[in-house]
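Q: Sequence and computational prediction follow.
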Amino acid sequence: MIERMVTIRNRAGIHARPSALLVQTIKDFDCSVYIEKGDDRINGKSIMGVLTLGASYGTELKLIADGRDEEKAMDALVKLFESGFEED
């Protein structure tokens, strides 16, 4: 299991498009992915879960990946967050 902290960099935060992009990016990895915001933990492969986080610009999130492809999944996730979901 690996964990990383990321910060929301895109001004609009995690709305429908970034949520879909996030889920699409990690859905085929052979590992569990969770995202934590404060005390809330959601399944990163669930678009509804991602949307319910209500993560806005500047929010810090903890990414957790556990399984066979955890390193590749985490690299893909971190790259996505660092790119601002290609919005800015």
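A: Arrived safely. Numbers count the residues shown, from 1 in each chain.

Q: So what touches stretch 13-21?
A: The contact list for stretch 13-21, computed with Cβ atoms under 8 Å, 6 or more residues apart in numbering, reads 8, 10, 12, 22, 47, 50-51, 53-57, 59, 80, 85-87. From N, CA and C alone the C-beta is placed, and that goes for glycine too.

Q: Now, those that are in strands?
A: Under the assignment DSSP state E, the contacts of stretch 13-21 contribute nothing to strands.

Q: of these, buried ones?
A: For these, a burial check counting by 16 or more other Cβ atoms under 10 Å picks out 8, 10, 22, 47, 50-51, 53, 55, 80, 85.

Q: And the longest helix along the chain, how far out from the chain middle?
A: Criterion DSSP state H: the longest helix present in the chain is helix 70-82. Taking Cα atoms, centre = their mean, to the nearest Å, one finds the center of helix 70-82 at 8 Å from the center of the full chain.
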